[in-house]
Structure formats: structure tokens, C-alpha cells
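Peer 1: Build me a structure from this.
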Amino acid sequence: MKKIHCFLTLILLLTACAPLSARAPETPIGSVAPEVRAKADADYHFMVGSILEQDGRFDEAMKEYEQSYRLDPNSEEIALSLAGLSMRRGQFDQATLYAQKAAELQPDKVQTLMLLAGIYTAKKQYDDAISTYRRVIALDPKQEDAYIYLGSILASLKRYDEAVETLRSLGKVIPTSLMSPYYLGRIYLERQMYPEALAEFNRAVALKDDFEPAYTSIGFVYELMDKMPEAIESYKKAVALNPHNVEIIQHIGQLYIQQNALDDALEQFKRVVSLDPQNYDAYIKIGLIYTERKKYEQAVEAFRKVSRAVPNDLKVKRYLASTLVAANHYDEALGEYQAILAAAPQDIDSLLQISYLYAQMGKADQAVPLLKKALAEQPGKAELYLYLANAYMDGEKYQKAVDTLKQGIQMAPDRDDLQFSLAVAYEKLGKRDEMIAALKKSIELKPENADALNYLGYTYAEKGENLDEAIQLIKRALLIKPDNAYILDSLAWAYYQKGMLEEASGVMQKAMTKTTTDDPVMHEHYGDIFLKMSKKDKAREQWLKSLELDPENQALREKFKAAGFGNPDELLKDVKSTKKGKK
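Peer 2: Next up is the predicted model:
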């Protein structure tokens, strides 16, 4: 009421300050005509209602407007204000009545008809809305909004031809209208008519080359057409016009990720966080990109920033913890996984990671009570038997691992991974027959288990027995993992044991091109193959590489000397000196 009071005070002061000659002659109150007084009161209540509405005091404003309308029911302006305020309050039926009354009072007033059509649209009375918008266009052919709203309604009703005709008419009446091609483009986009949509959006750009929504739409169409470079280029034009459009910048970054252009993606997400420091999704993307680039310290920094801001987000904690593991920060990683486990005691993955970390830290025994407790709480979880057995094996307690795996197999007899781990434990105990039986069972349960196929095939090849079966097993594994260097090594060794040296050499050469790390066993095998082929220089070279990677391999040292290659230690010194000189 403060604004109203000040307004009325101003009127009174102006009246009081006017010269006497300017004042209206004093007339007894009873001589004012009732209709004049009613009109004055109506205007007063309307003025107060307008001020209250501007103040956001809608309930009070409504009462003033209604009082004004009772005093002057033939005022189109009051009826229109009542309709507009009713719309703002979500009272659509009441808004309709007032707007219809206003239209009766001024049947050709475009503003009233536009409001009435808008109310019809809000009430989903589309036929009434369509006829009203068409009446507006007939009264005022240059009323751009009427064409747009009419076209939008028709398109929403799938009356696309009428919608296109309406918007084409707008373009003819107002040739400079941006909205005609823009909304036509949106209709064609909805109909998946991408070339036509592009043509219309480009027409909009031709009319106004700084029309950002058109560039965004062009980018979206190109994206749907799987033309990502063109999409990115168009989105960048939109960003050039609006450098603070974080949503589009972030989307460009995501498209770069899809294109595996990680450096470009990183640049976009860094720009996002510079504009919006609390955009934690962008920080997560930055962390993931750094992780992919093996820049773990930068990844940890990004994930930490998010984790501090949203400490209860377990997904972020998992990102941080796994990156800390990759960065060899085991103590910190352990703390994060323990925090996750405290918040989500059923989280099997965190249990596994904690067990792994204890093993890496030489504390495998500390994982055992944790896994036992989890197993007591969740006895039906077969994975827990597997993790507990692995913890025992990390602590070199192989018989306990066997006992645990047997319990797990009783609980889940169809789990091939339990049988596979049982084979590993049996091998550690030197129980070869039991190991082979477990591997066969694992393959029986899952014939496409490439690791089990390779394990059994290599077990035979290593001893030079069942070589035909070994080769078949390993070839089956290669059908599943054709580029696996270790499986290729197994096949080469089986060929070697069978005396198929050319085949062994060819397969081993391929294995060497597929491996991602230098493996001393593979180099030793390659050297064995070369020696059998009387290629002594190459054999010596491969054996030296093997010893360089595994200097404690005494059996290879003896083999090296027996082949007449001399003292490997002296030769290794020469190799190191040569490498140092090259650096």
C-alpha cells in the first residue's frame, strides 16, 4: 500500500497547489451523477489494482480489479486486465470468461483476441485457438506472433501442411521475418526432413547472420545427420555470438569426446569451468579425460574438487578412488573406498578394491576379516567367495583359498570363474591333475572362456603333452581374443613343442607386435624358437632381453651359458652401456 499512498498524496498535493482559479467549482456531493461517480470509483480501484499487480500482490490486485469491474462492467480494459491476471494465477476458466467479455466489447481489438487465443491454447481448446488466431491475421496480416502461434499449434496437431502454409504466408507478408524460416526449420526437423530443415535455418542466417538460435539448430540437425565436424562448427558459431552459453560449450566438449578428440574436448570443458566454477559435471569430464590420458595427478585434482563440493556423491568418490589407485596413492585410495563402503555396505566393488589395495600394500591378511564379515552378512554372494579366495592367495594361503572356493562352488555350482580360480589355487599347491579337472569344468560351464581355454592349452604345451588338443584349445581361445599376445605366445609354444618351428616363429612374431608390455617369458620363448632354428644371434638377443627384464631367472642363465653365449652379466652390462650412450 506504500506505493498507492505515495501516488494519492502526490495527486492531493498537486491539487492543493493549483491556483484557485484552476480549481473546479465546489459542488455539493449530491449533485454528481451516479454514473460519473461510479466511473471515478472504478478508475480508482483499477489504478490500485494495477499498482498491486506490478508489486506481485496478485490476490489483492484481483479484489481491486473485481471491484472496478462491478462498477464498470462495460470496460474492455478492466475485463482484459482481469483475464490477464487470472491467467497469471492459473485460473484459466475465469480468464476465458473475462477475455470473451473483453472480445464482445471490442470484437476487432487484436490485443484482446491474442490473449483469448493464448488462453484457449493453455486450455487445449485448439480449434477455438486456431479460429481466433486466424481472425487476428485477417484483421492484422502483419501480426507476426499470430502466424507463429498458429503454425506451432497446427504442427503440434500433426497438421504439418497447414502449419507450413501458415509460416510461408508469414514470409510473404513480412519478407524480413526471421521467424518464418526459423519455425519452418523446426517443423521440418520434427518431421526428420533434415535437408529441408537445414535450408530453412540457413535462410534465417542469411536474413540475420548473428541469429544464434539458427546456428544452434543447424548444429543439432548436422548432429542428427551424424555429421559431427559440421555440427561442431555450427555450435562454435553460436558460441561466438554468445560466449557465455555454457550449455552449448559443454555439448561441444561431449561431441569431441565422441570423436575421441580428447584434447579439444578438454579445452571446451576447461572453458566451461572458467565460466561456471560450480559446474561439477564438467570437472568430472576433465578428470575422465586426464585419466584416459594417464595424467592421473591432474585427474585426481579434478575429482577432488568435485568430491569436496558434493562429499556424499559415491559415484564421484569411486572416480577419485580408482584414479588414486592408478596414481599409486594407495593409502588415500584405501580411505576413499572405506568411506564408500561405510556409506554403502553392500558395495561389492569397493570390497574388491580394498582387498586389491591391501594385497598391493603387502597387507593381504587385513582384507580377510573384512571379506569374511561381508560373506557372513551376504552368504548368497558368490563373488565374495572369489574375493576371499583371492585374498588368501595374495597371502600365499593356497589351501584356504581352495577350501573357500569349494564352499563357493557348493553355493553357486554354475560359476565358471570359481572353477577357474580353483585351478589357479591348485596349480600353486602343485596339484596338476586337480588343476586340469577344474579348468575342464570351467570350460564346460562356459565354452567361450578364452582364458580357461588358453590356460589348459598352455598347461599341456608346457609339458609337451596332448599337443594336438593343446593347439585346438588355444585356437579356440584366439577365435574369441584374436589379438591377445599371451594366447598367441601359447600357440607359438605349442607349435615349438610339436616341432613346427616356422609356424612357431610366425605366430611369435605376431605376438610381439600385439603385446603392450615387454614380457620376459615371451622373449625367452622367442629365443628358444630361434635357437632351435639355428638362429643363434637372434636367440641370444631375445634371451638377453628376457634377462634384462627378469635378472633372477637362473634357469635361463644356465641355458644361456650352455648355448655357448658366455656370461650374460657381461653382455647385459654392454647392453646397458649402449642404451645409456644413446640417451
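
Peer 1: Low-confidence ranges, the stretch 251-400 of the chain, go.
Peer 2: Filtered on pLDDT under 70, the stretch 251-400 of the chain yields no residues whatsoever.

Peer 1: for it, what spans make up the strands?
Peer 2: Read by DSSP state E, counting those that start in this stretch, the stretch 251-400 of the chain holds no strands at all.

Peer 1: L275: what's it in contact with?
Peer 2: Residues counted as contacts of L275 (Cβ atoms under 8 Å, 6 or more residues apart in numbering) are H244, V246, I249. Where C-beta positions appear, they are placed from N, C-alpha and C, glycine not excepted.

Peer 1: top of the residues you listed by neighbour count?
Peer 2: I249 (26 neighbours; other Cβ atoms under 10 Å).

Peer 1: got the CA positions of the strand or helix carrying that residue in CSV?
Peer 2: I249 is located in helix 246-258, with elements delineated by DSSP states H and E. C-alpha atoms of helix 246-258 as CSV (Å, rounded to 0.1, in the frame of the first residue of the first chain):
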residue,chain,number,x,y,z
VAL,A,246,27.8,-22.8,-21.1
GLU,A,247,25.3,-25.5,-22.2
ILE,A,248,26.5,-25.3,-25.9
ILE,A,249,30.2,-25.2,-24.9
GLN,A,250,29.7,-28.3,-22.8
HIS,A,251,27.8,-30.0,-25.6
ILE,A,252,30.7,-29.3,-28.0
GLY,A,253,33.1,-30.9,-25.5
GLN,A,254,30.9,-34.0,-25.4
LEU,A,255,30.9,-34.2,-29.2
TYR,A,256,34.7,-34.0,-29.2
ILE,A,257,34.7,-37.0,-26.7
GLN,A,258,32.6,-39.0,-29.1
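
Peer 1: Point out the other elements, helices or strands, that that helix touches.
Peer 2: Helices and strands touching helix 246-258, by 3 or more Cβ pairs under 8 Å, 6 or more residues apart in numbering; DSSP states H and E, are helix 212-224, helix 228-241, helix 262-275, helix 280-292.

Peer 1: who wins for proximity to A309 among those helices?
Peer 2: Comparing the helices and strands packed on helix 246-258 by their distance to A309 (Cβ to Cβ), the top pick is helix 280-292, with 6.0 Å.

Peer 1: Taking helix 262-275 as reference, get the angle to that closest one.
Peer 2: Orientation check (axes from the mean of the first three to the mean of the last three Cα atoms, to 10 degrees): helix 280-292 against helix 262-275 gives 150 degrees.

Peer 1: Give the ranges of residues in the stretch 51-200 of the chain that sit below the confidence cut-off.
Peer 2: Nowhere does the stretch 51-200 of the chain drop to pLDDT under 70.

Peer 1: Which stretches in it count as strands?
Peer 2: Remark: strands of the stretch 51-200 of the chain are absent; assignment by DSSP E, counting those that start in this stretch.

Peer 1: re earlier: run the chain-centre distance for the helix holding I249.
Peer 2: 10 Å (Cα atoms, centre = their mean, to the nearest Å).

Peer 1: what about L456, distance to Q419?
Peer 2: Per Cβ to Cβ, to the nearest Å, L456 is found 11 Å from Q419.

Peer 1: Common neighbours of these two, please.
Peer 2: Common neighbours of L456 and Q419 are listed as L439 (criterion: Cβ under 8 Å, 6+ apart).

Peer 1: Closest one to K315 out of the contacts of L275, please.
Peer 2: Nearest to K315 among the contacts of L275, with distances taken as Cβ to Cβ, is V246, at 21.6 Å.

Peer 1: The closest one is in contact with D276, isn't it?
Peer 2: Yes: with contacts counted by Cβ atoms under 8 Å, V246 reaches D276, the gap being 5.0 Å.

Peer 1: need the longest helix for this protein.
Peer 2: Scanning the chain for the longest helix, with DSSP state H as the assignment, gives helix 34-54.

Peer 1: Would you indicate which residues of that one are buried?
Peer 2: Within helix 34-54, the residues that count as buried by 16 or more other Cβ atoms under 10 Å are A42, Y44, H45, F46, V48, G49, S50, I51, L52, E53.

Peer 1: I'd like the residues you listed laid out as JSON lines, including distance to E267.
Peer 2: Shown next, in JSON lines, are those (distance: Cβ to Cβ, whole Å):
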{"residue": "A42", "distance to E267": "64"}
{"residue": "Y44", "distance to E267": "62"}
{"residue": "H45", "distance to E267": "61"}
{"residue": "F46", "distance to E267": "58"}
{"residue": "V48", "distance to E267": "57"}
{"residue": "G49", "distance to E267": "55"}
{"residue": "S50", "distance to E267": "52"}
{"residue": "I51", "distance to E267": "52"}
{"residue": "L52", "distance to E267": "52"}
{"residue": "E53", "distance to E267": "48"}
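
Peer 1: What segments of the stretch 351-500 of the chain are helices?
Peer 2: 364-377, 382-394, 398-411, 416-428, 432-445, 450-463, 467-480, 485-498 (DSSP state H, counting those that start in this stretch).

Peer 1: These into a markdown table, with extra columns for mean neighbour count?
Peer 2: As requested, these are arranged in a markdown table below (neighbours: other Cβ atoms under 10 Å):
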| stretch | mean neighbour count |
| --- | --- |
| helix 364-377 | 17 |
| helix 382-394 | 23 |
| helix 398-411 | 19 |
| helix 416-428 | 22 |
| helix 432-445 | 18 |
| helix 450-463 | 22 |
| helix 467-480 | 19 |
| helix 485-498 | 24 |
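
Peer 1: Compare the ones you listed and give me the one nearest M228.
Peer 2: Of all those, it is helix 467-480 that lies closest to M228, at 32.3 Å by Cβ to Cβ.

Peer 1: Let's see the closest one as PDB, backbone CA atoms only.
Peer 2: Output of helix 467-480 as PDB, limited to C-alpha atoms (Å, rounded to 0.1, in the frame of the first residue of the first chain):
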ATOM      1  CA  LEU A 467      49.800 -81.100 -28.200                       C
ATOM      2  CA  ASP A 468      47.100 -81.500 -30.900                       C
ATOM      3  CA  GLU A 469      44.500 -80.900 -28.200                       C
ATOM      4  CA  ALA A 470      46.500 -78.000 -26.800                       C
ATOM      5  CA  ILE A 471      46.700 -76.400 -30.300                       C
ATOM      6  CA  GLN A 472      42.900 -76.800 -30.700                       C
ATOM      7  CA  LEU A 473      42.200 -75.300 -27.300                       C
ATOM      8  CA  ILE A 474      44.400 -72.300 -27.900                       C
ATOM      9  CA  LYS A 475      43.000 -71.700 -31.400                       C
ATOM     10  CA  ARG A 476      39.500 -71.700 -29.800                       C
ATOM     11  CA  ALA A 477      40.700 -69.000 -27.400                       C
ATOM     12  CA  LEU A 478      42.100 -67.000 -30.300                       C
ATOM     13  CA  LEU A 479      38.800 -67.000 -32.100                       C
ATOM     14  CA  ILE A 480      37.500 -65.100 -29.000                       C
END
